[in-house]
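Novice: make a model of this:
(chains A, B and C)
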Amino acid sequence: MDFFLEVLIGGLLAGVMYSMVAIGFVLIFKASGVFNFAQGSMVLFAALTFVSLLERGFAFWSAFAATLVSMLALAWAIERGVLRHLVNRPPITLFMATLGVSFIIEGLAQLLWGAQVHGLDLGIKDEPLELGGVLLSSFDLFAAGTAAALVLALSLLFSRTRIGLSLRAVADDPLAALAVGIRLQRIWGVVWAVAGFVSLIAGLLWGARLGVQFSLSLVVLKALPVLIIGGFSSIGGAIVGGLIVGASEKLAEVYIGPLIGDGLENWFPYVLALLFLLVRPAGLFGERAIERV
Amino acid sequence: MFLSETGQFSTRYADDRRVFRLHQARLGIVALLAFAYLAVPLWASDYWLSAILIPFLVLSLAGLGLNLLTGYAGQLSLGTAAFMAVGAFAAYNFQLRIEGLPFLASFLLGGLVAAAAGVVFGLPSLRIKGFYLIVSTLAAQFLVEWALTKFGWFSNFNPSGVITAPPLSVLGVDLSSPAGRYLLTLAVVTVLFVVAVRIVRSDLGRSWMAVRDMDTAAAVIGIPVARTKLLAFAIGAFYSGVAGSLWAFAYLGTVEPHGFDLNRSFQVLFIVIIGGLGSILGNFLGAAFIVLLPLLLSNLGGSLLSGIIAPGDTENLQKILFGVLIILFLIREPEGLASLWRGLRARARVWPLRD
Amino acid sequence: MSAAVRPLALAADAPLLAVEGISLSFGGVKAVTDISFAVRSGEICSLIGPNGAGKSSLLNVINGVYRPQRGRVVYDGVATARITPRRAARSGIARTFQNVALFKGMSVLDNVLTGRNLQVRAGWFRQVLGLRAARDEADGHRRKAEEILAFLHIQAYRDTPVGKLPYGLQKRVELARALAAEPRLLLLDEPMAGMNLEEKMDMSCFILDINRDFGTTVVLIEHDLGVVMDISDHVVVLDYGRKIADGAPAEVRDNPDVIAAYIGSAH
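Specialist: You can find the predicted model right below:
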């Protein structure tokens, strides 16, 4: 039983990491209806930039600041260079554009910083912590704590600030928001910037966990099943979805893996999401679109 | 002047339904086919045949498979490479385990197995719409890649998981030379493209487009939406599967499951976006683009910019360029190169007058 | 005679369509409450009422797009609580929509040809093989489509992608697609919305011709009361999801409840 709990909690904590990437997706989707396939590459870019700056002698917080600035610049460039020109297009076009963006970001990242794997040390010792007879990774706990802080900050942003109010208005009904004078482009810029910030946090944590390398964007693609299970338009859903994916992936790896072979985690979350969708086509928290004819 | 339609009008509906209605177009296609079948094998170098023309043809076919599913029927798929893999490995196993099975039959059977896989991963489309559907083909992509690597039976227990093409011969004629493989690929591609054109112009093609454009309305006018979608998956996967077999046997000679990874699926998706969704010609245009651009870049990189850009960087530049081109196309020419071509033709119709 | 429509011997005065006690709500919002009326074969019946009265929802119930919480629809002698849109199409019901539901990626001719899909005998496989029967049948469907295009005066646009046509022409194409199915019952949702006087006159003539020449029963939703009074045999008035009048145009026009609903005094 203890072992099961350990695996479960380990999975849940890993799931928190997935959630963080998913939150970036949700922010952008909620505000602009764009499914940002480039989110993964943004996470990678953030991690790579940070690590390379560190290696070139920057101090931790200056590297953080510099990376944040470059993420904001990236977000601004995406909004200005790509999204602005695709305003009224069907969602599939927007999706494919973000696919193109992800290619650009990955190519650029590799061009600038090279293709080697970098280790990332955030100064958090990954010592096992014992809580109630169960062994937990202190790194994972730190990550969970960071995620909680992030979510708290975001909810405060959305509910207590004027810009948060505008963000929610735009998410709800862009046309109505325009009608009351909200500057759509500015809001989108803000959203992408916030998403960039979230990517930075996620990138740092993931980078520390796995090392900063290209397979990071593949791992991060798993945010998609998270979103599907949790629904695309809810931060709460992103969290719950992440927890579910993380936990089930770990459990499957440990309990089903020995039966049919290892490497299950490559496809298990997707099949899980698929099964989920068959039962609930709009995800756990997603909104069911009523088609008006 | 050259493409003028003066004096050429159809008097029967059957004439109006022809693919090549104009005299000039018919002449053109005959000339093109003659060139492709007769001139090219005689004059093209082995390099051109093996490294450019064969992959160009195979990728056109793979693009066609995806185009039928996504461009015509509107079902987004990120699993093309998985269907290609299924086709390739199935064809390999049929060829291996059934004594004396003709090559083309194993391609056909491989395609049918891929079609079955297509139906299985297409079933969710009956309940799930829009984006969420990509998770089904993504699941296919990762699952197939994993299964083909994990279970050695598929690659006949080859320790590195690689399958090697047996010598290609059709009706006793040995086709393993570059020219032979080229002709085999060209023949298969020609036949399958002709069939695809006919399908797209039939009631099934119209049903696909109806489901793509508005599936609730399609149901209201009596179109069997479920059957239509599953046929799209089946036929699209069949085409991808045959392309996979050709990729393995006529192009590379050996292939491993990771040759059909997510990047390959993206590559085919780009062919279809750049070439034009919902177009037959577009697949050729997109494939030509994808095959020739890297060559162009590495040649340029080699000669002109050799001082400025390190050789390893050309791949990254390529990636960036692809991304930029995708976005440019989506912004300026969302219907791809095919619509550029249609525009040119429209202007040519009235040339030297202007539209 | 197309096999999609079952030729059923109805009793001489039995209605082709009878809506019985239909109630429909979305979440907590009641669209229509306890609606009943009957439409005789061969008549033109208009559904009128202020905006939001539930008219489109009712049409959607009749051809199966929405499932009512209560009540049933009796069509051609067969009572169903729930029918799928496809079943409805196969039993000879065709319709147009308020927001033109055309296939924007296809040409006018192709859109109309999709309307023929239920009449197709030699399926796509035989068409791909190029069999003689399929080719001849394709000619027949094309001929029929051309007749409809000529009837609605839109032959010149046959190869134009419908997305490029102006709204009024799109509505005609949608009507053409519905006619291509050779329906017994035609449901038209605001066929004249957004049209000028001339276009409305044309459309009215088309509807009358369809009714007289093909014998098609028509149920239409329309806001222009002048048109309604001119072409209808039968008028049903809805307000706030309930039926407030049902009868010949002249009776309905003088009904005080109807007048109040439109001018707004009773509420």
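Novice: tell me the residues of chain C that contact chain B?
Specialist: For chain C, the residues in contact with chain B (Cβ under 8 Å from any Cβ of the partner chain) are C:4, C:63, C:65, C:84-86, C:88-90, C:94-95, C:97, C:101-106, C:110, C:113-115, C:117-118, C:120, C:123-124, C:127-128, C:130, C:135, C:138-139, C:142-143, C:177-178, C:181. In short, each C-beta sits where N, CA and C put it, glycine included.
Novice: type out the ChimeraX command that picks the buried ones from these.
Specialist: Restricted to buried positions by 16 or more other Cβ atoms under 10 Å in any protein chain shown, the ChimeraX selection for those reads:
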select /C:4,63,65,85,86,88,89,90,94,95,97,101,102,103,104,105,106,110,113,114,115,117,118,120,124,127,128,135,138,142,177,178,181
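Novice: so which of the residues of chain C next to chain B sit within strands?
Specialist: Among the residues of chain C next to chain B, the residues falling in strands (DSSP state E) are C:A94, C:R95.
Novice: in helices, which of the residues of chain C next to chain B fall?
Specialist: C:85-86, C:88-90, C:110, C:113-114, C:124, C:127-128, C:135, C:138-139, C:142-143, C:177-178 (DSSP state H).
Novice: can you list the low-confidence ranges for chain C?
Specialist: For chain C, the stretches flagged by pLDDT under 70 are C:1-13, C:264-267.
Novice: closest residue of it to chain A?
Specialist: Residue nearest to chain A within chain C (Cβ to the nearest Cβ): C:F97, separated by 5.5 Å.
Novice: quick check on that residue: phi, psi?
Specialist: Dihedral pair for C:F97: phi -120, psi 160, per degrees, to the nearest 10.
Novice: hmm, C:D189 and it touching each other?
Specialist: Yes: between C:F97 and C:D189 there is a contact at 5.4 Å, judged by Cβ atoms under 8 Å.
Novice: okay, now C:G49: neighbour count?
Specialist: Look at C:G49: counted by other Cβ atoms under 10 Å in any protein chain shown, it has 24 neighbours.
Novice: ok, for it, nearest residue in space, not its chain neighbours?
Specialist: Nearest non-adjacent residue to C:G49, counting by Cβ to Cβ, 6 or more residues apart in numbering or on different chains: C:L238, 3.8 Å away.
Novice: what does B:A82 give?
Specialist: B:V144 (3.9 Å).
Novice: quick check, pLDDT for that neighbour.
Specialist: You'll see B:V144 listed with a pLDDT of 93.
Novice: hmm, B:M84 and it touching each other?
Specialist: No: counting by Cβ under 8 Å, B:V144 stays clear of B:M84, with 9.5 Å between them.
Novice: shared neighbours of the two, anything?
Specialist: Shared contacts of B:V144 and B:M84, defined by Cβ atoms under 8 Å, 6 or more residues apart in numbering or on different chains, are found at B:F260.
Novice: the more surrounded of those two?
Specialist: Between B:V144 and B:M84, B:M84 has the larger neighbour count (other Cβ under 10 Å), namely 35 against 25.
Novice: host element of whichever residue of the stretch 251-355 of chain B sits closest to chain C?
Specialist: Residue of the stretch 251-355 of chain B nearest chain C, by Cβ to the nearest Cβ: B:G278 (6.6 Å). For B:G278, there is no helix or strand it lies in under DSSP states H and E.
Novice: would stretch C:104-121 count as contacting chain A?
Specialist: No: Stretch C:104-121 lies out of reach of chain A by Cβ under 8 Å from any Cβ, never closer than 10.6 Å.
Novice: ramachandran angles for B:E256?
Specialist: Dihedral pair for B:E256: phi -120, psi 160, per degrees, to the nearest 10.
Novice: then C:A245?
Specialist: Torsion angles at C:A245 (phi, psi; degrees, to the nearest 10) stand at phi -160, psi 150.
Novice: from what I can see it touches C:D254, true?
Specialist: No: using Cβ under 8 Å, C:A245 makes no contact with C:D254, being 9.8 Å away.
Novice: poorly predicted segments of the stretch 151-300 of chain B, please.
Specialist: By pLDDT under 70, the stretch 151-300 of chain B contains no weakly predicted segment.
Novice: what of chain A?
Specialist: A:115, A:122-126, A:131-134, A:213-217, A:219-220, A:282-293.
Novice: how about the helices of chain C, start to end?
Specialist: Assigned by DSSP H, chain C shows helices spanning C:55-62, C:85-90, C:108-114, C:124-129, C:132-151, C:167-180, C:197-214, C:225-231, C:249-254, C:256-263.
Novice: JSON lines for the ones you listed, including distance to B:A139?
Specialist: JSON lines is the format used below for these (distance: least, Cβ to Cβ, whole Å):
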{"stretch": "helix C:55-62", "distance to B:A139": "35"}
{"stretch": "helix C:85-90", "distance to B:A139": "29"}
{"stretch": "helix C:108-114", "distance to B:A139": "32"}
{"stretch": "helix C:124-129", "distance to B:A139": "29"}
{"stretch": "helix C:132-151", "distance to B:A139": "38"}
{"stretch": "helix C:167-180", "distance to B:A139": "37"}
{"stretch": "helix C:197-214", "distance to B:A139": "49"}
{"stretch": "helix C:225-231", "distance to B:A139": "54"}
{"stretch": "helix C:249-254", "distance to B:A139": "58"}
{"stretch": "helix C:256-263", "distance to B:A139": "54"}
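Novice: out of the ones you listed, flag the one nearest A:A75.
Specialist: Nearest to A:A75, of all these, is helix C:167-180, at 39.1 Å by Cβ to Cβ.
Novice: for the stretch 201-350 of chain B, what lies in contact range of chain A?
Specialist: Near chain A, when you scan the stretch 201-350 of chain B using Cβ under 8 Å from any Cβ, you find B:216-217, B:262, B:266, B:269, B:273, B:313, B:316-320, B:322-327, B:330-331, B:334.
Novice: so how do I select the buried members of the residues you listed in PyMOL?
Specialist: Selection of buried members from those for PyMOL, criterion 16+ other Cβ under 10 Å:
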select buried, chain B and resi 217+262+266+269+273+313+316+317+318+319+320+322+323+324+325+326+327+330+331+334
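Novice: now do the end-to-end distance for stretch B:244-261.
Specialist: End-to-end span of stretch B:244-261 (Cα to Cα, to the nearest Å): 12 Å.
Novice: now that stretch: buried residues?
Specialist: Neighbour counts over stretch B:244-261 (16+ other Cβ under 10 Å) mark B:244-252, B:255-261 as buried.
Novice: and what of stretch B:42-49?
Specialist: Result for stretch B:42-49 [16+ other Cβ under 10 Å]: buried residues B:A44, B:L49.
Novice: and the stretch 51-200 of chain A, which residues reach chain B?
Specialist: A:81-82, A:85-86, A:89, A:91-93, A:95-97, A:99-108, A:110-111.
Novice: who does the residue nearest to C:G49 form a beta bridge with?
Specialist: Under the criterion DSSP bridges, C:L238 forms beta bridges with C:K243.
Novice: and C:N63, what is it in contact with?
Specialist: Contacts of C:N63 by Cβ under 8 Å, 6+ apart are B:V220, C:I83, C:P85, C:A88, C:A89, C:I93, C:R95, C:L187.
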